[in-house]
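Novice: Generate a structure from the sequence data that follows.
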Amino acid sequence: MKTAVYPGSFDPLTKGHEDLIRRAADIFDNLIVAVAANPRKSTLFTPEERVQMIRETFKGVRLRVLRFEGLLVDFLRDQKASVVIRGLRAVSDFEYEFQMALTNRKLLGGVDTFF
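Specialist: Okay, here's the model as predicted:
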């Protein structure tokens, strides 16, 4: 059973996020939507409000919504996750996300990233 994590700020949750979450929930045995809490960032909604909005949007869908702080690799390790889900809005996003995927894989070892 593979556990996948879809991390993001989700401030606010968009239709693009919603689409990726629904598709990932159909593919993976366990999906965690990880709401990033970064006290240095100015956000529209609190992390708790974002978690609640996502839970309400996905009632009846097999997934968990959790808040996290710190490094994604630490969260992945804690959750025993081996897959990261990322969305791409433009071709220019690919280079950044690819570098992040390589870094996460090196730090954690064996993490797959799906775009």
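
Novice: So which residues of this structure form strands?
Specialist: 3-8, 30-36, 64-68, 83-85, 112-114 (DSSP state E).

Novice: These: lowest mean pLDDT?
Specialist: Ranked by mean pLDDT, the strands of the chain end with strand 112-114 in last place, scoring a mean of 57.

Novice: Just the CA trace of the top helix by length along the chain, in CSV.
Specialist: Looking across the chain with DSSP state H, the single longest helix is helix 91-108. Only the C-alpha atoms of helix 91-108 are listed here, as CSV (Å, rounded to 0.1, in the frame of the first residue of the first chain):
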residue,chain,number,x,y,z
VAL,A,91,5.9,24.7,-18.2
SER,A,92,8.1,27.1,-16.2
ASP,A,93,6.9,25.3,-13.0
PHE,A,94,8.5,22.1,-14.2
GLU,A,95,12.2,23.0,-13.6
TYR,A,96,11.6,24.2,-10.1
GLU,A,97,9.4,21.1,-9.2
PHE,A,98,11.9,18.8,-10.8
GLN,A,99,14.8,20.2,-8.7
MET,A,100,12.6,19.9,-5.6
ALA,A,101,11.8,16.3,-6.4
LEU,A,102,15.4,15.4,-6.8
THR,A,103,16.3,17.1,-3.5
ASN,A,104,13.5,15.3,-1.7
ARG,A,105,14.5,12.0,-3.1
LYS,A,106,18.1,12.5,-2.0
LEU,A,107,17.1,13.6,1.5
LEU,A,108,14.6,10.8,2.1
